[in-house]
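Visitor: okay, structure incoming, though there's no sequence with it:
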């Protein structure tokens, strides 16, 4: 019986495993780059929300427009603004590493169009992220005072990012960094 197990395809040295699959390795690299971009994004997001107190900054900036001030506070729009600013920094990091490491695209002639496609794919991802972030954050903070601070924005951020990663990988693999024949 032990001898039969040793001869199974899974234990054979030349057996193709999940790590030998090029698409899976690409996805792992994409996730590593995404993790670094997420760390950049999350750091900036957190610094704006908790360090800079963006909710107060936005409230003060809208002092001459009380109706906008009320809307921004009621809908916690500082969370969306912080996520947008964080996105702008992290998307360039993602393009740099994905183009050079994940998808190994070094054609300078294609770099501008790839960057434009990458930004478009990630902008769509941002819209999806913003919608999910808004819905989840509103659900988690329902019934709480607008000025009450908690972990909800970070939880909503994690949920949204976890969902959108699949869109970003697929669109970038099949469109942005598609191999030309």
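Guide: Arrived safely, thanks for sending. From a predicted model like this one, the values you see are computed outputs, not experimental measurements. Numbering: from 1, shown residues only.
Visitor: what's near enough to touch residue 57?
Guide: By CB atoms under 8 Å, 6 or more residues apart in numbering, the contact list for residue 57 reads residue 78. Bear in mind the C-beta positions are built from the backbone N, C-alpha and C, glycine included.
Visitor: do that again at 10 Å, thanks
Guide: 48, 78, 81 (CB atoms under 10 Å, 6 or more residues apart in numbering).
Visitor: want to throw the residues you listed into a markdown table with neighbour count, pLDDT and distance to residue 30?
Guide: Converted to a markdown table, the contacts of residue 57 look like this (neighbours: other CB atoms under 10 Å; pLDDT from 0 to 100; distance: CB to CB, whole Å):
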| residue | neighbour count | pLDDT | distance to residue 30 |
| --- | --- | --- | --- |
| 48 | 22 | 95 | 26 |
| 78 | 21 | 92 | 30 |
| 81 | 17 | 92 | 27 |
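Visitor: nearest to residue 25, of the residues you listed?
Guide: For those, the closest approach to residue 25 (CB to CB) belongs to residue 48, at 34.6 Å.
Visitor: give me the nearest residue to the closest one, chain neighbours excluded.
Guide: residue 82 (4.0 Å; CB to CB, 6 or more residues apart in numbering).
Visitor: what element comes up after the helix or strand containing that neighbour heading to the C-terminus?
Guide: Secondary structure assignment for residue 82, by DSSP states H and E: helix 77-97. For helix 77-97, the following helix or strand on the C-terminal side (DSSP H and E) is helix 108-140.
Visitor: state the mean pLDDT of whichever helix or strand comes after that next one.
Guide: Note on helix 108-140: by DSSP H and E, the next helix or strand toward the C-terminus is helix 152-171. The average pLDDT within helix 152-171 is 90.
Visitor: buried ones in helix 152-171?
Guide: Neighbour-count burial for helix 152-171 flags 152-153, 156-157, 159-161, 164-165, 168-169, 171 (criterion: 16 or more other CB atoms under 10 Å).
Visitor: nearest to residue 143 among these?
Guide: Using CB to CB, the buried residues of helix 152-171 come closest to residue 143 at residue 152, 11.8 Å.
Visitor: for whichever strand or helix holds residue 28, which helices and strands make contact with it?
Guide: Secondary structure from DSSP H and E places residue 28 in helix 22-46. Using 3 or more CB pairs under 10 Å, 6 or more residues apart in numbering; DSSP states H and E, the elements in contact with helix 22-46 are helix 77-97, helix 152-171.
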